[in-house]
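My questions are about this predicted structure, shown below with the sequence.
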Amino acid sequence: MKAGDKDKVSCLRMVMAAIKYREVELKMKLEDQEVLSVLGTQVKQVKESYEQFTHGNRHDLAQREKTNLNILQSYLPKELDESEIADIVKGIISESEATKKDFGQVMRLSMAKTSGRADGKKVNSIVARLLK
């Protein structure tokens, strides 16, 4: 606030409200992992808004969402790249000797290990590719 960055203040207030809403919903103080989950949800919502504004030729609003996305991503841990996700999935598959019919179990374990650091769609595609 002292720096006068109104965009950042607005974005952080939005995140704090979402965290507070989740705390009230669960009736408990959130742990770090749960806060990261709320941040991830906020990032998804902002990405969807950005895409909608871009398709609707509302470039002024799209730019605001792009700014919010950059601010939110600065508070998230570094995302895993595809090779790191693939290594995690390969380890899970080899440990559990999973086959194609164990897709759900492998996804659940993969998402648990990569929570907050990888997009679910990306993990899904890698698991599908590796479970031949």
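That came through fine. Numbers count the residues shown, from 1 in each chain.

Now Thr41. Nearest residue, chain neighbours left out?
With sequence-adjacent residues excluded and distances taken as CB to CB, 6 or more residues apart in numbering, Thr41 is closest to Ala18, at 7.3 Å. C-beta coordinates here come from the backbone N, C-alpha and C atoms, glycine included.

From Ala62, how far off is His55?
9 Å (CB to CB, to the nearest Å).

do Gly4 as well
As defined by CB to CB, Gly4 lies at a distance of 23 Å from Ala62.

which of those two has more neighbours?
Neighbours were tallied for Gly4 and for Ala62 using other CB atoms under 10 Å; the higher tally belongs to Ala62 (18 against 7).

Show the backbone phi and psi for that one.
phi -60, psi -40 (degrees, to the nearest 10).

secondary structure element for the closest residue to it other than its chain neighbours?
Leaving aside its sequence neighbours, Ala62 sits nearest to Phe53 (CB to CB, 6+ apart; 3.8 Å). Element membership of Phe53, judged by DSSP states H and E, is helix 32-55.

Buried residues, that helix. List them.
Buried positions in helix 32-55, judged by neighbour count with 16 or more other CB atoms under 10 Å: 34-36, 38-40, 42-43, 45-47, 49-50, 53.

what's the domain layout of this structure?
6-73, 82-130 (automatic domain parsing).

in whichever strand or helix holds Val24, what's buried?
In this assignment (DSSP H and E), Val24 forms part of helix 6-26. By neighbour count on 16+ other CB under 10 Å, the buried set for helix 6-26 is Lys8, Cys11, Leu12, Met14, Val15, Ala18, Ile19, Arg22.

Then stretch 83-94?
Using 16+ other CB under 10 Å as the test for burial, stretch 83-94 gives Ile85, Ala86, Ile88, Val89, Ile92, Ile93.
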